[in-house]
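A.B. asks: give the three-dimensional model of this entry:
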Amino acid sequence: AMDISLNNSFEIFEVKTTTDKFILYPNTPNHLQLKMSYKFISFAFQFAPDFLPGNDDENLRGRTRTFKLGTSLAFKKWYFGVSYAKVKGYYLYNTDEYTTQANGEPYIQFPDLSYKGFSLNSGFNSNNKFSTKSLTSQTERQLKSAGSFIPAISLRYYIIDDKSSDINTQKSNSIEANLGPGYVYNLVLKEKFYFSLALIASLGYLNTKLTTRLPEGDYISHQDNLIFRGDGKLGVGYNGPQFYMGLYGNTTMSEYRQENTTVRNFDTRVFYHLFIGYRIKAPSFVRKQVKVIESKIPK
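C.D. replies: As a prediction, this is how the structure comes out:
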């Protein structure tokens with residue numbers, strides 16, 4: 001299966017103290033993703049071309065460069081996913097709270113602020129009548145309505161670095177682990193049309209190493225925080241024998257308080273994912289290699 005999709009999934013940062021609030025956005029509101037899938041394995045590449053609406057106003061919000069690579073494995077019971085993402089260039093979304101911004105004037109920009117992150121996620125499908133492949137890779141079709149309880153775990157390592165100056169800037173290295181229950185349900189009509197609902201809640205641990213660049217040298221501190229995450233997904237689509245398409249709306253929320261401070265970090269997002277794809281016959285060398293791999297997978 002091959003598909004192309006549009007989405008507005010990107011990393012933002014929102015920090016609140018007792019007196020201030022900082023909301024940082026990259027200037028790439030829309031992304032293009034290309035994905036190839038065969039049986040249980042998928043590969044995806046995501047980037048933000050300038051020709052997409054909203055990605056070309058660099059004078060107003062600055063220049064952002066971003067890309068993401070990912071692969072996933074979906075079996076009858078288990079699924080696994082791993083990805084790498086990189087973003088450079090942010091702007092202060094709430095600039096008007098810190099300076100008088102006339103219409104058309106640029107936002108406060110942070111061109112040397114970057115994000116780099118690896119993520120790993122996994123889940124267990126508890127219902128044999130529910131197809132994880134129809135949900136993750138579209139290499140199977142869910143022909144009848146079914147739901148499944150899916151406990152999930154996610155691991156993430158990411159670096160946020162402001163390289164705008166050798167002093168008075170910060171770099172954070174963070175490791176995050178989350179575990180929690182989830183539930184997914186697909187309502188299928190006439191074996192081709194479907195409505196999908198997914199809810200996941202998780203509790204996690206976040207360890208951060210914070211490096212502050214000072215004139216007298218780097219100051220390093222460590223934080224251990226408890227983090228709560230909640231995710232919801234609602235979708236509608238068509239999944240025919242060869243052609244398929246769908247539109248998903250996603251909501252994700254996370255919150256934690258930085259250890260020994262009054263600072264609270266929030267990340268609340270609502271984003272979309274629109275995709276269209278077609279199933280084609282895989283090349284013979286791909287079929288042979290995957291068949292060899294399948295023979296080694298425990299049943």
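A.B. asks: longest single helix anywhere in this structure?
C.D. replies: Among the segments of the chain that qualify as a helix by DSSP state H, the longest is helix 284-296.
A.B. asks: which strands and helices lie in contact with it?
C.D. replies: Packed against helix 284-296, as judged by 3 or more CB pairs under 8 Å, 6 or more residues apart in numbering; DSSP states H and E, are the following elements: strand 31-38. From N, CA and C alone the C-beta is placed, and that goes for glycine too.
A.B. asks: ok and the strand it packs on relative to helix 284-296, angle-wise?
C.D. replies: When axes from the mean of the first three to the mean of the last three CA atoms, to 10 degrees is applied, the directions of strand 31-38 and helix 284-296 differ by 70 degrees.
A.B. asks: adjacent strands (with direction) for strand 31-38?
C.D. replies: Strand pairing for strand 31-38, determined by DSSP bridges: strand 2-7 (antiparallel), strand 41-47 (antiparallel).
A.B. asks: between these, which one is closest to residue 292.
C.D. replies: Proximity to residue 292 (CB to CB) singles out strand 41-47 among those, at 12.6 Å.
A.B. asks: which residues of this protein score low on pLDDT?
C.D. replies: Scanning the chain for pLDDT under 70 picks out 17, 102, 260-264, 296-299.
A.B. asks: end to end, how far does stretch 151-169 reach?
C.D. replies: When the termini of stretch 151-169 are compared using CA to CA, to the nearest Å, they are 39 Å apart.
A.B. asks: got the contact list for it?
C.D. replies: The contact list for stretch 151-169 (CB atoms under 8 Å, 6 or more residues apart in numbering) reads 13, 110-124, 126, 170-182, 200, 202, 204, 212-215.
A.B. asks: so which bits of that stretch are buried?
C.D. replies: 151, 152, 154, 155, 156, 158, 160, 161, 162, 169 (16 or more other CB atoms under 10 Å).
A.B. asks: how much space between the fifth one and residue 178?
C.D. replies: Meaning residue 156. 8 Å (CB to CB, to the nearest Å).
A.B. asks: could I get the buried residue list for the one helix or strand residue 232 maps to?
C.D. replies: Assigned by DSSP states H and E, residue 232 belongs to strand 217-239. Using 16+ other CB under 10 Å as the test for burial, strand 217-239 gives 223, 225, 227, 229, 231, 233, 235, 237, 239.
A.B. asks: select, from these, the two members most distant in space.
C.D. replies: For the buried residues of strand 217-239, the maximum inter-member distance is 44.4 Å, found between 223 and 239 (CB to CB).
A.B. asks: still on that earlier bit, so what strands line up beside the strand holding residue 232?
C.D. replies: strand 193-214 (antiparallel), strand 243-257 (antiparallel).
A.B. asks: show the buried residues in the contacts of stretch 151-169.
C.D. replies: The neighbour count (16+ other CB under 10 Å) marks 13, 110-111, 113-115, 117, 119, 121-123, 171-172, 174, 176-178, 180, 182, 200, 202, 204, 213 as buried among the contacts of stretch 151-169.
A.B. asks: beta partners for the nearest residue to residue 236 once chain neighbours are set aside?
C.D. replies: Nearest residue to residue 236, sequence neighbours excluded (CB to CB, 6 or more residues apart in numbering): residue 195, at 5.4 Å. Note on residue 195: beta-bridge partners by DSSP bridges are residue 187, residue 236.
A.B. asks: hmm, back to that, sort out for me which of the contacts of stretch 151-169 are in strands.
C.D. replies: When the contacts of stretch 151-169 are checked against strands (DSSP state E), the matches are 13, 110-124, 170-180, 182, 200, 202, 204, 212-214.
A.B. asks: nearest spatial neighbour of residue 69, skipping sequence neighbours?
C.D. replies: In this structure, residue 69 finds its nearest non-sequential neighbour in residue 84, 5.2 Å apart by CB to CB, 6+ apart.
A.B. asks: cool, residue 271 as well?
C.D. replies: Closest to residue 271 by CB to CB, 6+ apart is residue 8, at 4.6 Å.
A.B. asks: what's the neighbour count on the one you found?
C.D. replies: When neighbours are defined as other CB atoms under 10 Å, residue 8 has 18 of them.
A.B. asks: repeat for the one 4 residues further on
C.D. replies: Other residues lying near residue 12 total 16 when counted by other CB under 10 Å.
A.B. asks: all set now, cheers.
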